[in-house]
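Novice: Kindly return the folded structure for what I paste below:
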Amino acid sequence: MPLRFIRTKKLGINIDPLQAAITTTALARDLSATMQFPPATAALSVLLLILQTIQNIQVNRSGCDRLARRAAQILIDIEEQMRGRYHEAPEALLRNLDRFESTLTSIHQFMRKLADSKWSDRFLRKSSIDDALVEYMRMLDEAAQAFQLATLINIHLAVSSLRGNATSNATAERVIDAPPPPTYQEVLNEPDSVAVEIRSPGIVDAAECIVAESDPPLAAGGESLSLPEKRLTDYYLPAELSSLTLEDDYGFRRYHQSEVILRGRSRLQDGWWAGATEVQVQGQRALIKKYDDDKDNAYSKWLRDVKVLQNLYHPNLPQMLGFSDERAPTPFILLANVQTQSPQALVREVLRSSSLGTSIELLLRFYRDLADTAMYVQRQLNLDENKVQDFIEASSFRVDSLKTLVVGLPPPRDGEWYTARNYGLAHTLLDVCLRMLPNNGRVTYSYNRGEEFVTEEIQKKVNHLVTLARALLPSGRQSPVLPTHLEALIEETEFETPSLTLRQVRDLTWNVEGAHGHTWYERNVPAGKFSVGDIGYIPVGGDFGSFVLLSNVIKDGKVVLSLSQRSHGEHWCWEHVPIHRQPLQAYELPEAVAGWPVAVPPYSQIDVAVVHEAFLSCVKDAWQYLLKNGKGYAADSGIRPEDLILVTHVGTHQDFYVKDFRSKPFMPHTHAVNPRFAANQFHHQHSHGFHQPPGFGFQNHGVPFNQPALPAIVYLLTSLDANHEPHWSPSPVCLPKGVSRQPLARHFTTKIGWKTGFLNYVQLHAEDFDGI
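Specialist: All right, here's what the predicted structure looks like:
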C-alpha cells in the first residue's frame, strides 16, 4: 500500500495586532509614569520612539517587541535601584547610560528602515534582518552586564559615599597624611588586576586609593566592566600622546560593527591601507580599516592609529570619521578617504593622456603635499629630522579624487630606534616623489618592451620629467620647503585642466641654481667622430653611427660657448691580489698632448686606462640655444625640431699596457744566516777557507740578488685629438709627427688598445616648441 502524505496546518500562537498595540501602549505609559531618573530620560525617549515604530512593523514584530521589552526592563531596574538617590549617580553610571542611549538609537533606526521597506526588500534581506535582531539582542545583554544591575550600582554608591565622608573618616585622614603619589601613577597588582592611572593635583582621597588598590569589578560573565587601557609605547609618539586614554572621543563617534554594511571586497594590498574596504554607514560611503591580527597586536595597532588620527588634523593625512569600541572583537576605524588610487597609477594615467607640463604640475603638487605633511607631523609629534624621515620613508600613499596625496601611517615601532643619514629631509621627500614614477624615477634609454605602458614616447616623457624634478625640487641638505617660484606654478593651475606648459617651466627656471645642468648621454659612439657643438639628427631607424651633421655651432661662429677639457687615468697590476687601481698624474705637453709617467716593476705587467674629455662649461647655454634656434634648423633640414641633437660633451676611453717580459732569475735556497754575520761580508767570505771576489755568484745585471731591482720609468703620450697617435716612449718629450721616435728597451712589450668614444647631448621635447 503506497504511503500517503497528509498535509496538516500547524496551529501556532496567534497574536492579535490590536491586543499587541494595547500592550505596547500600556508599557509606554507605565515607563513614562515610573521613570523619574533624570539621566535616563534621553534613553527613555528613544525607547518610546521604538515602541511607537513597532506598531507600524508588519513582519518580525515579535522579535522587535522582545528587543523593546528587554530595553525597558533594563531601564526599570535602573530606576528601582536609583530611586531616592538620583543626585548620587556616579560618573561611570552616566557614561554607561550614554552608551546605552546610542545602542537604542541604532535599534530605532533599524526598525524605522524595517517599517518603511517594501515586502520584496524584506524578503530579499530576510537573513540579514534576522541576524541584525540577534545582534541587537546581544548588544542589550552586554549593556545589562555593563550596568551590573543592582550589585555594580551599589558599589558605585558605596565608593561615592566614601568620597563624601573622606574628610571625617580616620582611615581617610591617614591616607591624606601620606605622601601624595605623582601626577601619573601606575599601580600594578596581581596579573589579574587592572593598572589604574591616577591623575591628582597633589592630594588623593580615600575613595580613589581604594579603587586603585582593589581588584576591578566583574561583570556577570566574569569579565571586567571595561577593557583596561593598555600601555602604549611607539617610536613616533611622544609620551604625552601615548599616555592619553580613549575616555574622551574628541568629537569622533564610536560605531558598532552592526552599523557598517560592506559594499564589496578589498583591492588594497600594500602598506597601511591593506585590507581597507568600502562600506556604507548611516547612508554614507566610508572606508573601513580592520585590524585582524592576534588580539593583543591588533588592539595595540588600533589604539595607536586612533590616538594619532584623533590628534593630527591635516588634509594630507587619513581623515577618520569614527572608530569601534574597545570591546569589539575586531577593532576598526572608519575613514572618509573612499575613492583613492595609488600615486603610481595616477602618474601613469597623466603621462599617457596629458602633457608633460601637466605631469610636472602633478609632481610639484605631490612634493608640496608631502613636505607640508612632513613638517606638520614633525611639529605636532616633536620629532627630530631623522624620525620624520623614518616616518615618511615607512609610509604608504594614496591619491583621492581631488588629486590630493594622502599619507598613510607608518607601521608601529616599539622601543627606541636610532637612525643616521648623510642626507636631509629634502632628499627623502624628493626620493619618495620620484619613486612614484615609472622605473622608480631613473632615467633610462631603453624602454621596457615587456610592459605595454612604457612605450618609447612615454619613456622620453619620463626622462624629461625626472631630470626637471631633480633640477627644480630641493634635495640634499637644502630646506624641504618648495621654492616660491615653483609654488606659483601650482597656484596658477588649481583647475581640473591645468594650463601649465613645458615652456613656462623652463622660462621660470633658467636662473635657478642647478636647473638645466643635465644632459642625455650615449656610452658607445665612434671615437673622433663628434665634437662639442655638433648639431644634427639621427635618421629614422638609425643610431649614432649614422648621425647626420648639420653644423658645428662653435666652429662656424654661430654662438660663443665656453669650452673646458680634462683627462684622467689609472693603472694597476693583475698579479697583485687584491687588485688596487691607482690614479695616474698627467703632465701637459704642446698640441693638447698629455704625458703619463708609468713605473714598471721588473718582470711585471702594468695596465693603464686613459680618458680624455671636452665639454661645455655651462650646459644651460646649449639648452637655450637649441630652444631658440631649433625650429629654424628643423625647417631647413625638413625634420621635426624635437629630433635635433646638440653635442655638449665628448670623450674617449682607451686601454694600454706595458710588460717587462724577462724571466725571473733563479733564486737558490740558502740556510738562514745569523744576522750578526750576514752584515759582515769579509767574515762570511773567509769562513769557508777561501776568498770570493766581488761580483762572484748569482747577479741581476750587475745587481746582487739580495738587492731588489728598481722599477723602470716609461711614458705614455695620449691626446683627445683624433690625429694624434698614442704611443709609449722612454722620453717624457713628445716629438713632432714625422720625426723618428726612440723605442722602448727590447725587454718591454706594449699594447695600444682600441679607442672608444662617448658623448653627452641635449635634446628637447616636442612640447618645448608648442606655440613658437
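Novice: do you know how far Tyr657 is from Ser604?
Specialist: 10 Å (C-beta to C-beta, to the nearest Å). Where C-beta positions appear, they are placed from N, C-alpha and C, glycine not excepted.
Novice: who's more crowded, those two?
Specialist: Tyr657 (22 against 16; other C-beta atoms under 10 Å).
Novice: and that one, what are its phi and psi?
Specialist: Backbone torsions of Tyr657, given as degrees, to the nearest 10, read phi -150, psi 160.
Novice: Over to Leu246?
Specialist: Here is the backbone geometry of Leu246 (degrees, to the nearest 10): phi -100, psi 20.
Novice: residues touching it, list them.
Specialist: By C-beta atoms under 8 Å, 6 or more residues apart in numbering, the residues touching Leu246 are 229, 303, 306-307, 326.
Novice: Just give the number of residues close to the closest residue in space to Gly322 that isn't next to it in sequence.
Specialist: Spatial nearest neighbour of Gly322, excluding adjacent residues (C-beta to C-beta, 6 or more residues apart in numbering): Arg253 at 4.1 Å. Arg253 sits with 13 neighbouring residues when counted by other C-beta under 10 Å.
Novice: can you give me the helices for the stretch 501-650 of the chain?
Specialist: 502-509, 619-637 (DSSP state H, counting those that start in this stretch).
Novice: gap between the residue nearest to Arg442 when sequence neighbours are not counted and Leu646?
Specialist: Distances taken as C-beta to C-beta, 6+ apart place Val466 nearest to Arg442, at 7.1 Å, with adjacent residues excluded. For Val466, the distance to Leu646 equals 20 Å [C-beta to C-beta].
Novice: so the residue nearest to Arg442 makes contact with Arg435?
Specialist: No. Using C-beta atoms under 8 Å, Val466 makes no contact with Arg435, being 11.0 Å away.
Novice: list residues touching both of these two?
Specialist: Gly441.
Novice: neighbour-wise, which of these two wins?
Specialist: Ranked by neighbour count (other C-beta under 10 Å), Val466 and Arg435 place Val466 first, with 21 against 14.
Novice: out of everything not next to it in sequence, what's closest to His314?
Specialist: Nearest residue to His314, sequence neighbours excluded (C-beta to C-beta, 6+ apart): Tyr376, at 5.1 Å.
Novice: Wasn't the one you found part of a helix?
Specialist: Yes. Counting by DSSP: H, G, I helix; E, B strand; the rest coil, Tyr376 falls inside a helix.
Novice: any idea how far it is from Gly514?
Specialist: In this view, Tyr376 and Gly514 are 27 Å apart by C-beta to C-beta.
Novice: More neighbours: these two, which one.
Specialist: Neighbours per residue, other C-beta under 10 Å: of Tyr376 and Gly514, the larger number sits with Tyr376, 18 against 13.
Novice: Need the phi and psi values for the closest residue in space to Glu487 that isn't next to it in sequence.
Specialist: Spatial nearest neighbour of Glu487, excluding adjacent residues (C-beta to C-beta, 6+ apart): Arg368 at 7.0 Å. Main-chain dihedrals, Arg368, degrees, to the nearest 10: phi -60, psi -50.
Novice: pretty sure Gly514 contacts Ala471?
Specialist: Yes. Counting by C-beta under 8 Å, Gly514 touches Ala471, with 5.7 Å between them.
Novice: can you pull the contacts of the residue nearest to Glu487?
Specialist: 482, 487, 490.
Novice: With neighbour count and pLDDT as added columns, please give those residues in JSON lines.
Specialist: Shown next, in JSON lines, are these (neighbours: other C-beta atoms under 10 Å; pLDDT from 0 to 100):
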{"residue": "Leu482", "neighbour count": "23", "pLDDT": "90"}
{"residue": "Glu487", "neighbour count": "13", "pLDDT": "83"}
{"residue": "Ile490", "neighbour count": "18", "pLDDT": "80"}
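Novice: So which of those is the closest to Ala766?
Specialist: Nearest to Ala766, judged by C-beta to C-beta, of the contacts of Arg368 is Ile490 at 23.9 Å.
Novice: so that closest one, which of the three states?
Specialist: helix.
Novice: tell me the contacts of it?
Specialist: With C-beta under 8 Å, 6+ apart, Ile490 has these contacts: 361, 364-365, 368.
Novice: just Gln319 next, same as before
Specialist: 335-337.
Novice: Mind checking which of these are in strands?
Specialist: Leu335 (DSSP state E).
Novice: any idea of the mean pLDDT in the strand or helix carrying Val399?
Specialist: Assessed by DSSP states H and E, Val399 sits inside strand 397-400. If you average the pLDDT over strand 397-400, you get 92.
Novice: Output the below-cut-off pLDDT ranges for the stretch 1-150 of the chain.
Specialist: The stretch 1-150 of the chain contains residues with pLDDT under 70 at 1-37, 83-88, 120, 122-124, 147-150.
Novice: Break down it into its helices, ranges please.
Specialist: Counting by DSSP H, counting those that start in this stretch, the helices of the stretch 1-150 of the chain are 17-34, 41-54, 61-82, 91-116, 119-124, 126-147, 149-164.
Novice: So Ala298 sits against Lys289, correct?
Specialist: No. Contact between Ala298 and Lys289 fails when scored by C-beta under 8 Å: they sit 11.4 Å apart.
Novice: who's more crowded, these two?
Specialist: Lys289 (25 against 17).
Novice: what about the nearest residue to Phe110 once chain neighbours are set aside, how many residues close to it?
Specialist: In space, and not counting its chain neighbours, Phe110 is closest to Ala132: 6.1 Å by C-beta to C-beta, 6+ apart. Residues lying near Ala132 (other C-beta under 10 Å) number 19.
Novice: Quick check: Ala132 touching Met111?
Specialist: No. Counting by C-beta under 8 Å, Ala132 stays clear of Met111, with 10.1 Å between them.
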